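Q: The sequence and its predicted three-dimensional model are supplied below.
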Amino acid sequence: QKEVEQNSGPLSVPEGAIASLNCTYSDRVSQSFFWYRQYSGKSPELIMSIYSNGDKEDGRFTAQLNKASQYVSLLIRDSQPSDSATYLCAVNGKRNNRLAFGKGNQVVVIP
Amino acid sequence: DVKVTQSSRYLVKRTGEKVFLECVQDMDHENMFWYRQDPGLGLRLIYFSYDVKMKEKGDIPEGYSVSREKKERFSLILESASTNQTSMYLCASSLGSGVAEETQYFGPGTRLLVL
């Protein structure tokens, strides 16, 4: 079982709609969860971190964490063309100081 | 703001050459990381360092070595570059190992082409 899985294929959403991304992780003791955004040809940049069960909102982004079910999700409200990017989920895992990254989900916002 | 810089954005090397990629962070972070990123394979950890002169192998260390002589600087060395090392190389750093200290901040990346 992979440490972090992001299974959905490319996601196309119309401008103004909600984009929903999901991520599952295998290590029950994980405590830190991150969402990174990566534009094509650029490096990942942190957009959200979450450490407690529940929702965390930052502008148009909401991260949701459910430790019992071992998933973390990201909602992008009022999607804009500038949100078109690949979104990486990252989780602190079995090995100290390291993060395990999912392979990412591509989001395409259609004007 | 955390700033992580990498010595080159683009690099073209010949097979067999020794290649040095350098990364510098300005926030006194304990941990520094080297990843490579290839289409369909995601981010793969090559090496990381949790202190000066301390290093640990990641998931794909073969063909690479690293050096961390100063806290702010972490170098990745390709001893004898091969075409299968053509990739995007990303450096990252994080503050420590506690909750909220593990956030990794990435440099802009170096796109390496080995001919």
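A: That came through, no problem.
Q: For chain B, what lies in contact range of chain A?
A: Applying Cβ under 8 Å from any Cβ of the partner chain, we find that chain B lies next to chain A at B:30-31, B:33, B:40-43, B:45, B:48, B:50, B:58, B:90, B:94, B:96-97, B:99-100, B:102-109. Where you see a C-beta, it was placed from the backbone N, CA and C, and this is true even at glycine.
Q: what pLDDT does residue 111 get?
A: With no chain named, the answer covers chain A. With respect to pLDDT, A:P111 has a value of 94.
Q: Wait, chain B was what I had in mind.
A: At B:R111, the model reports a pLDDT of 97.
Q: before we move on, which element is it in?
A: Counting by DSSP states H and E, the element that carries B:R111 is strand B:110-114.
Q: Counting by contacts, list what that strand packs against.
A: strand B:10-13, strand B:19-25, strand B:87-94 (3 or more Cβ pairs under 8 Å, 6 or more residues apart in numbering or on different chains; DSSP states H and E).
Q: for the record, mean pLDDT for the last one?
A: Per-region confidence: strand B:87-94 scores 97 on mean pLDDT.
Q: Assign a three-state SS to the most centrally placed residue in chain B, would you?
A: Nearest to the geometric centre of chain B sits B:W34, at 2.5 Å (Cα atoms, centre = their mean). Secondary structure for B:W34, judged by DSSP: H, G, I helix; E, B strand; the rest coil, is strand.
Q: With A:S82 instead?
A: helix.
Q: Would you list the phi and psi of B:D28?
A: The phi/psi pair for B:D28 (degrees, to the nearest 10) reads phi 60, psi 30.
Q: Grab the nearest non-local neighbour of it.
A: Counting by Cβ to Cβ, 6 or more residues apart in numbering or on different chains, B:D28 lies nearest to B:K71, which is 6.8 Å off, once chain neighbours are set aside.
Q: Pull the number of nearby residues for the one you found.
A: 16 (other Cβ atoms under 10 Å in any protein chain shown).
Q: Surely A:G102 and A:G93 touch.
A: No: assessed by Cβ atoms under 8 Å, A:G102 is found out of contact with A:G93, at 11.6 Å.
Q: Who has more neighbours out of these two?
A: A:G102 (26 against 18).
Q: can you list the weak-confidence ranges in chain A?
A: A:1, A:94-95 (pLDDT under 70).
Q: Would you mind listing what in it touches chain B?
A: Counting by Cβ under 8 Å from any Cβ, chain A comes close to chain B at A:31-32, A:34, A:42-46, A:49, A:51, A:88, A:90, A:92, A:96-99, A:101-104.
Q: which among those residues end up buried?
A: Listed as buried from those are A:32, A:34, A:43-44, A:46, A:49, A:88, A:90, A:92, A:97-99, A:101-104; burial here means 16 or more other Cβ atoms under 10 Å in any protein chain shown.
Q: hang on, the earlier thing: how close does the residue nearest to the centre of chain B get to A:I18?
A: According to Cβ to Cβ, to the nearest Å, B:W34 and A:I18 sit 36 Å apart.
Q: if we can go back for a sec, just the residues of chain B next to chain A: which are in strands?
A: If you go by DSSP state E, the residues of chain B next to chain A have B:N31, B:F33, B:G42, B:L43, B:L45, B:F48, B:Y50, B:L90, B:S94, B:Y105, B:F106 in strands.
Q: now, the most widely separated pair of those residues?
A: Farthest pair in those (Cβ to Cβ) is B:G42 and B:Y50. Separation: 22.5 Å.
Q: Who does A:I76 form a beta bridge with?
A: Going by DSSP bridges, A:I76 is paired in beta bridges with A:A19, A:F61.
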